[in-house]
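Asker: The following block contains a protein sequence and its predicted model.
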Amino acid sequence: MIRLRQRNETLRRAMESQGIRFADLAAATGKNVKTAQRWVYEGRTPRFAARERIAQVLDADAMQLWPDQRRDGWTPDLVRLYPRLTDVPRGLWLRLARQSIERVDVTVTDEPLPTDLLAEILAERVQAGVEVRICLSGKAQNPGIGGAHVRHSATAHTTPVHRFDRAMLVWMRCAAPGLDRVGPVLRLTRSVDNGIFDTYAQIFESIWDSAPRLSTPPAD
């Protein structure tokens, strides 16, 4: 029996939400429009390089667009691995922050928040009733987000963790001399109990519990 491919509705919805046309995907991947249409209407799967490029154009995750390509042994919580901090789409930080409805937990080292707008969005989430906790370490400066709970850890070097409800970005920062901005970023979604997401959530709680509280401006 011939197995018919199903339409890739996830890819179609991602294109629709971003206003991306088949011609745009074709141009980005060096393919023709007919091939791009087959990725949706016939459920065909492009090669790895094309999948990564499409995910970048759509500000999405290739593993979510093509879940059948998830590799054996891939931990359920791990959505994607970015080689460098600069490879994480700027819009991803902002979208996860805007979508948070319960809590945001952030550890900040001597590096500022990943985008200038993130602090502004977090202030808006505080106004919406989201609990925002920021744990500073090293020479990190208080971002001054009104209404956020802020503490300063005595630990000089901590792994930067950004949790937005059930989503998380973890920067595996390298502490080697001259390589302070090197290290991959894990994008996690809590999918199982006691998985890698819960591990980093526990790490944050441990750092938070051991850090003294700082005074924070009240929310406007």
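Answerer: Nice, I can see it.
Asker: Quick check: the gap between residue 34 and residue 41.
Answerer: Applying C-beta to C-beta, to the nearest Å, the value for residue 34 to residue 41 is 10 Å. C-beta: built from backbone N, CA, C; applies to glycine.
Asker: Have a look at these two and say which one is more surrounded.
Answerer: Using other C-beta atoms under 10 Å, the more surrounded residue of residue 34 and residue 41 is residue 41, with 13 against 9.
Asker: Test my guess that the more buried one contacts residue 9.
Answerer: No - if you go by C-beta atoms under 8 Å, residue 41 and residue 9 don't touch, sitting 10.5 Å apart.
Asker: tell me what the longest helix seen in the chain is packed against?
Answerer: The residue-count maximum for a helix in the chain (DSSP state H) belongs to helix 196-209. Packing contacts for helix 196-209, counted by 3 or more C-beta pairs under 8 Å, 6 or more residues apart in numbering; DSSP states H and E, involve strand 103-108, strand 131-136, strand 161-164, strand 167-171, strand 185-189.
Asker: now what about that helix, what contacts it?
Answerer: Applying C-beta atoms under 8 Å, 6 or more residues apart in numbering, the contact partners of helix 196-209 are 75, 77-78, 105, 107, 133, 135, 137, 151, 153, 155, 158-159, 161, 163, 166, 168, 170, 186, 188-191.
Asker: and with 10 Å instead?
Answerer: Helix 196-209 is contacted by residues 75-79, 105-107, 133-135, 137, 149, 151, 153-155, 158-159, 161-163, 166-170, 186, 188-192, 194-195 when judged by C-beta atoms under 10 Å, 6 or more residues apart in numbering.
Asker: I'd like to know how far residue 134 sits from residue 149.
Answerer: If you measure residue 134 against residue 149 using C-beta to C-beta, the figure is 7 Å.
Asker: Of the two, give the one with the bigger neighbour count.
Answerer: Neighbours were counted for residue 134 and for residue 149 using other C-beta under 10 Å; residue 134 has more, 25 against 16.
Asker: now the one helix or strand residue 122 maps to against strand 103-108, angle please.
Answerer: Using DSSP states H and E, residue 122 falls within helix 116-127. For helix 116-127 against strand 103-108, the angle by axes from the mean of the first three to the mean of the last three C-alpha atoms, to 10 degrees is 140 degrees.
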